[in-house]
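Engineer: just the structure for this:
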Amino acid sequence: MPNVSQLVAQAWQKLTNDGNPTDNIFEEYSELKRLETGKSFKSMTGGRSLIGTIEYAVNSTVQSISPTQTLDTSIVDVFDEWEANWKQYAGTFSMTSFEDAVNRGDSAKFNLERGKLKNLRSSMRKRINEDIFGATGNATDLSGLQSLVPDSPSTGTVEAINAGTYTFWRSKQTTGTMTTSAFDNLRSSMRTIRTSCSKGQGVSYPTRYVTGSGTANGYESLLIANERVVGKESKDANGAFQGDVYYFGTAKVFWDGDCADSRMYALNNENLTMCFQSGYWFKGYPAVNPANQLLNVFKAETQCQLTTNNRRHLGVITVIT
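Structural biologist: As a prediction, this is how the structure comes out:
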């Protein structure tokens, strides 16, 4: 005789959600989501690597002359190119015949195959977003911000150009260490990096700042208090900003859980692009059935690379406290 209680025997359990598992692990991965919009997201077809032409030098033949002076006709090298390699991310999930058999009809709490596919896609987004803020320690990882916009801009080779040799290929950096109280130098550091990254007065300013949640909270604490009554009832008093997004000048200030609180990146949509092979952005493949196993294997992949065409318009504030 089964050893179950009368309560278990007399009534079914009641499923409270809509049939889909409630996400308890994944974040929004906001920086990847932002890179998937507008000019920051670019589809490519083919090519063994990514290249971009750049203008890097001043024409040195320009001079003040006398009416009969001979002009300098030297050939001046003013153009070059950067190069970045494609990176590939992939994952799988398996669906056994037993799982398929029991997850049917009224007995199925949710569509297991669809749920596993959604989990795989979210897992891939998690890894890619982490690598966006990474230092590209693995040769198969995409170029992360710690490589494209490093704490030490004058060192290292990025996209085949040596920043130690070529000063034009250096991103910008300043520190945000507090003097007496937490975040008391953050806004002045944001002003400094904004000017450093610009092309001139109001030209090529950062379009967004991205940092960790702690520093985003610290930035909000520097803003003018928003304690005001927004309705006739006392309960309508609002002691905080809405918090969806903040601004610094014309640039939005975001936070991402994968960004360290000790850093704030000053980024420009014109100069930072997520390139991907057309047809290979989270591409799924038909199931494969191994000859010696009762299961189907599903595969998915992404072929992409985070690139910059002008590092001087990208910057980072480091050692924020």
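
Engineer: sec struct for residue 266, please.
Structural biologist: What DSSP: H, G, I helix; E, B strand; the rest coil gives for residue 266 is strand.

Engineer: now it: how far from residue 315?
Structural biologist: Counting by C-beta to C-beta, to the nearest Å, the gap from residue 266 to residue 315 is 4 Å. Heads up, the C-betas are built off the backbone N, CA and C, glycines and all.

Engineer: need the overlap of contacts for the two.
Structural biologist: 172, 193, 197, 206 (C-beta atoms under 8 Å, 6 or more residues apart in numbering).

Engineer: which of those residues sits closest to residue 43?
Structural biologist: Residue 43 lies nearest to residue 206 out of these, by C-beta to C-beta, at 25.0 Å.

Engineer: hmm, the closest one is touching residue 193, no?
Structural biologist: Yes: using C-beta atoms under 8 Å, residue 206 is in contact with residue 193, at 7.4 Å.

Engineer: just the buried residues from the shared contacts of residue 266 and residue 315, in PyMOL please.
Structural biologist: With 16 or more other C-beta atoms under 10 Å as the criterion, this PyMOL line picks the buried residues out of the shared contacts of residue 266 and residue 315:
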select buried, resi 172+193+197+206
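
Engineer: narrow the shared contacts of residue 266 and residue 315 to those in helices?
Structural biologist: Using DSSP state H, the subset of the shared contacts of residue 266 and residue 315 located in helices is 193, 197.

Engineer: need the shared contacts of residue 266 and residue 315 in a markdown table with pLDDT and distance to residue 157, can you?
Structural biologist: Output for the shared contacts of residue 266 and residue 315, formatted as a markdown table (pLDDT from 0 to 100; distance: C-beta to C-beta, whole Å):
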| residue | pLDDT | distance to residue 157 |
| --- | --- | --- |
| 172 | 97 | 18 |
| 193 | 97 | 23 |
| 197 | 96 | 21 |
| 206 | 95 | 24 |
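
Engineer: any idea which of the shared contacts of residue 266 and residue 315 is closest to residue 107?
Structural biologist: For these, the closest approach to residue 107 (C-beta to C-beta) belongs to residue 206, at 54.3 Å.

Engineer: pick out the most distant pair among the shared contacts of residue 266 and residue 315.
Structural biologist: Longest span within the shared contacts of residue 266 and residue 315, C-beta to C-beta: 172 and 206, 9.7 Å.

Engineer: okay, and the common contacts of the two?
Structural biologist: 193, 197, 266, 315.

Engineer: which one of the shared contacts of residue 266 and residue 315 is nearest residue 255?
Structural biologist: Of those, the one sitting nearest to residue 255 (C-beta to C-beta) turns out to be residue 206, at 15.3 Å.

Engineer: so what's the closest one closest to, chain neighbours aside?
Structural biologist: residue 266 (3.9 Å; C-beta to C-beta, 6 or more residues apart in numbering).

Engineer: who does the one you found bridge with?
Structural biologist: Here residue 266 shows beta-bridge partners residue 209, residue 315, assigned using DSSP bridges.

Engineer: neighbours of it, how many?
Structural biologist: 30 (other C-beta atoms under 10 Å).

Engineer: measure it to residue 288 for me?
Structural biologist: For residue 266, the distance to residue 288 - C-beta to C-beta - is 45 Å.

Engineer: which stretches of the stretch 151-300 of the chain form helices?
Structural biologist: 186-197, 213-222 (DSSP state H, counting those that start in this stretch).

Engineer: compare those and give me the one nearest residue 128.
Structural biologist: Here helix 213-222 is closest among the helices of the stretch 151-300 of the chain (C-beta to C-beta), at 19.6 Å.
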